[in-house]
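> Return a 3D structure for these sequence lines:
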Amino acid sequence: MTETLTKSTGYAGEPLQRRGFYLVAGFVGLCVIAFASYLALASYFLRTEAAQTPERAQFFASSIDDALTRLEHLPYVLSIDETTLAALVGGNSADLNPILADIATRAGAEFVYVLDIDGKTIASSNYQDTDSLVDNYYTFRPYFRDALSGGAGRYYAVGVTTGRPGYFIAEPIRDADGTIHGVVTVKIGFDDLSRALSGNGELVLVADEQGVVLASSNPELIYGYLSPLSDVDRRTLEEQQQFGDQTLFPLDWLPESERRARLDGTAYVWTTAFLEQEDWSLHLLSEVRNSRRQALLYVAGGLMTLLLLTVAASVYRAAQLRNALALSNADRNRLTREIEERRIAEKKLESARSELAQKEQLAALGQLSASITHELGQPISAMRNYLVAEEIAADAEPNRLFPQLSGLVDRMQRIVDQLRLFGRTSASSATTFPVRDTVHAAVQLVQHTARAAGTRLDVTLAIEDAAVRGRPERFEQVIVNLLRNGIDATQGIDDGFVALSMVEQDGFIVLSVDDNGPGLGDLNIDDLRAPFFSTKPSGQGMGLGLAISGQIINEMGGTLHAENKPDGGALFVIKLPNPNPTDA
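Take a look at the predicted model:
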């Protein structure tokens, strides 16, 4: 009995032990994979950083070169200025001080000053400051000696008077005979340069040929030196007073390889670039731990993603049953929507077929009308010319010699004009154009017709800068057609008028044309837009105007509506979308 229990316990415990072993093995394997991934990613990011830093280092070096050469022309311009030479020769240096101050302010220079051949400052842009350079001697500065010997002086130094670092550019002042009477110097401040380097997030050092740091993104490293200074370098710095009262100190700098170095015990990826203007070097340092931290974040992100995927898989399996039920309901709802959409589509298809048939009919009629106008235009013009010639020969008034024949020619000309309007096509493409200008152009075209018919035109445009999209010449045809219809309807009526107005309403440009004529009767806009339907007497119209007008407005995305006014007359309303609606 005891032996049986032991065997049962062993059989039951073996799967649990195996499962625990797999769990531990999986955890250990995951840790090994994570550690290996960390090492690989850290190495990759270090290589990437080392490959990218040369371009950034060269960019910083070029930026410093640009800053040093930004004002290199200014000393030369001042050196050849007669005012500067006159101040040295004539001794009127007091008049030069405000000029130099204005130049320094406008050019963005820290100082602009003039020295005589003895190295004494006779005029300076900071002549009003307590630390003015006026009457100070700078014969010990190399830039002064270089300029006095006839060349251009370039030198970095800490100001003896101000205690601020800067880059000095000097040029000799010569007279017409080439005799040097003094030196003009411009100082470019270095404080702004150090602040500009500190905004990139990396450690940047700019060192001179002796290895002394002149500028840095970390101000605490300025005036430190990367390598020990020789006794000759120290004596030269003391004689030239290059760093003034600043104390130079050694940096804890240790190059480990061509691309790796340590500063204050911190490991960096090290990249060096050289300036073109001076024998200076720029050192760009990117911390190694940044790459390691980035690799650690990637590994942590991968582990988190794996955990989230595991949780998501569990949630997905739990949601499958709910999705199956939801799919069944969705299929039923989708079938219902498809049936309804099919009904709507069939209605739209039927409407589209009807519209297409009408457009095809209009297109065919347009081709036919173009052919007819081409064939009849010249004979009608010839007949009119013959009639005019006979009237001139008989010294008769127009249309008095053969009134019936003249009437027939006019009637045929009106029919041809209608056909020409119907068959006209435009080569221009749709554009956004001002409605006001197009409406005014249309009114100008019909004013003569209105005066001849005794009809008053009232035009009210409530908005100034309304614009719509379409073809302006075709839209002008619509306005002209509606105005002429109104003029024809009011011809012979006392106080007949045609009113045109334009307003903005609910994001649309609304144009209304109404008259006090007999109205539309029992007709509606669909009747009026049917091709060749006309209420005018025979010969005065072919019934194509409103058909064409409706098609043009539809192409512009608008609508054309017609109705009878309550007090008599017809009202035509055009609604067009406003591309730039104003806020109400």
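
> the strands in the stretch 451-584 of the chain, which residues?
Assigned by DSSP state E, counting those that start in this stretch, the strands in the stretch 451-584 of the chain fall at 456-461, 467-470, 497-505, 508-515, 559-564, 570-577.

> Nearest to V315, out of the ones you listed?
strand 570-577 (47.6 Å; Cβ to Cβ). All C-beta spots, glycine's among them, are computed from the backbone N, C-alpha and C.

> What segments of the stretch 251-400 of the chain are strands?
Going by DSSP E, counting those that start in this stretch, the stretch 251-400 of the chain shows strands at 253-255, 260-263, 266-274, 281-287.

> Take the strands of the stretch 451-584 of the chain and lay them out in a markdown table including mean pLDDT.
As requested, the strands of the stretch 451-584 of the chain are exported to a markdown table (pLDDT from 0 to 100):
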| stretch | mean pLDDT |
| --- | --- |
| strand 456-461 | 88 |
| strand 467-470 | 86 |
| strand 497-505 | 90 |
| strand 508-515 | 90 |
| strand 559-564 | 87 |
| strand 570-577 | 90 |
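
> Now render these as a markdown table, adding distance to G265 and mean neighbour count.
Below are those laid out as a markdown table (distance: least, Cβ to Cβ, whole Å; neighbours: other Cβ atoms under 10 Å):
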| stretch | distance to G265 | mean neighbour count |
| --- | --- | --- |
| strand 456-461 | 80 | 13 |
| strand 467-470 | 70 | 20 |
| strand 497-505 | 73 | 17 |
| strand 508-515 | 74 | 21 |
| strand 559-564 | 80 | 17 |
| strand 570-577 | 71 | 20 |
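
> still on that earlier bit, most packed of the strands of the stretch 251-400 of the chain?
Highest mean neighbour count among these (mean count of other Cβ atoms under 10 Å): strand 281-287, with a mean of 21.

> any chance of the strands of the stretch 251-400 of the chain in JSON lines, with distance to F572 and mean pLDDT too?
Output for these, formatted as JSON lines (distance: least, Cβ to Cβ, whole Å; pLDDT from 0 to 100):
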{"stretch": "strand 253-255", "distance to F572": "89", "mean pLDDT": "88"}
{"stretch": "strand 260-263", "distance to F572": "85", "mean pLDDT": "86"}
{"stretch": "strand 266-274", "distance to F572": "76", "mean pLDDT": "86"}
{"stretch": "strand 281-287", "distance to F572": "75", "mean pLDDT": "86"}
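
> quick one, which of those strands is nearest to L237?
For L237, the closest of these is strand 281-287, at 17.8 Å, according to Cβ to Cβ.

> Show me what the closest one is packed against.
Other elements packing on strand 281-287 under the criterion 3 or more Cβ pairs under 8 Å, 6 or more residues apart in numbering; DSSP states H and E are helix 2-69, strand 203-207, strand 266-274.

> thinking again about what came up before, of all the strands of the stretch 451-584 of the chain, which one is nearest D118?
strand 467-470 (75.2 Å).

> So what are the sheet partners of the closest one and their directions?
Sheet pairing for strand 467-470, assigned by DSSP bridges, gives strand 431-434 (antiparallel).

> Surely G244 is within a helix?
No. G244 is assigned coil when assessed by DSSP: H, G, I helix; E, B strand; the rest coil, not a helix.

> Next, the contact list for R141, please.
For R141, the contact set (Cβ atoms under 8 Å, 6 or more residues apart in numbering) comprises G119, G153, Y155, A157, F168, Q240, Q241.

> so the fifth one touches T185, yeah?
Spelled out, that is F168. Yes. Judged on Cβ atoms under 8 Å, F168 makes contact with T185 at a distance of 5.7 Å.

> Type out the ChimeraX command that picks the buried ones from the contacts of R141.
ChimeraX command restricting the contacts of R141 to the buried ones, with burial defined by 16 or more other Cβ atoms under 10 Å:
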select :119,153,155,157,168
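
> With respect to P54, which of the contacts of R141 is nearest?
For those, the nearest to P54 is Y155 (28.9 Å; Cβ to Cβ).

> What strands line up against the helix or strand that closest one falls within, and which way round?
Remark: Y155 resides in strand 153-158, with elements defined by DSSP states H and E. Looking at strand 153-158 with DSSP bridges, its partner strands are strand 165-174 (antiparallel).

> related to what we said a few turns ago, touching both of F168 and T185, which residues are there?
With Cβ under 8 Å, 6+ apart, F168 and T185 have common neighbours Y143, G153.

> Can you show me the helices along the stretch 301-450 of the chain?
Secondary structure of the stretch 301-450 of the chain by DSSP state H, counting those that start in this stretch: the helices cover 403-423, 435-453.

> before we move on, the earlier item: lowest mean pLDDT across the helices and strands packed on strand 281-287, which one is that?
Note on the helices and strands packed on strand 281-287: lowest mean pLDDT is at helix 2-69, with a mean of 69.

> one step back: may I see the strands of the stretch 251-400 of the chain organised as TSV, with distance to V28 added?
Converted to TSV, the strands of the stretch 251-400 of the chain look like this (distance: least, Cβ to Cβ, whole Å):
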stretch	distance to V28
strand 253-255	39
strand 260-263	33
strand 266-274	30
strand 281-287	32
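
> quick one: low-confidence parts of the stretch 101-250 of the chain?
Within the stretch 101-250 of the chain, the segments meeting pLDDT under 70 span 192, 196, 199-201.

> which one of the helices of the stretch 301-450 of the chain has the lowest average pLDDT?
helix 403-423 (a mean of 64).

> So for I372, which of the strands of the stretch 251-400 of the chain sits nearest?
Using Cβ to Cβ, the strands of the stretch 251-400 of the chain put strand 266-274 closest to I372, at 81.9 Å.

> separation between R154 and V184?
Per Cβ to Cβ, to the nearest Å, R154 is found 14 Å from V184.

> quick revisit: name the pair among the contacts of R141 with the greatest separation in space.
G153 and Q241, at 15.4 Å, using Cβ to Cβ across the contacts of R141.

> Can you list the helices and strands that the helix or strand where G182 lies packs against?
According to DSSP H and E, G182 maps onto strand 180-189. Contacts defined by 3+ Cβ pairs under 8 Å, 6+ apart place strand 180-189 against helix 73-79, helix 82-90, strand 111-116, helix 142-148, strand 165-174.

> Would you mind measuring from E72 to F144?
Taking Cβ to Cβ, one finds E72 at 17 Å from F144.

> who's more crowded, the two?
Between E72 and F144, F144 has the larger neighbour count (other Cβ atoms under 10 Å), namely 23 against 16.
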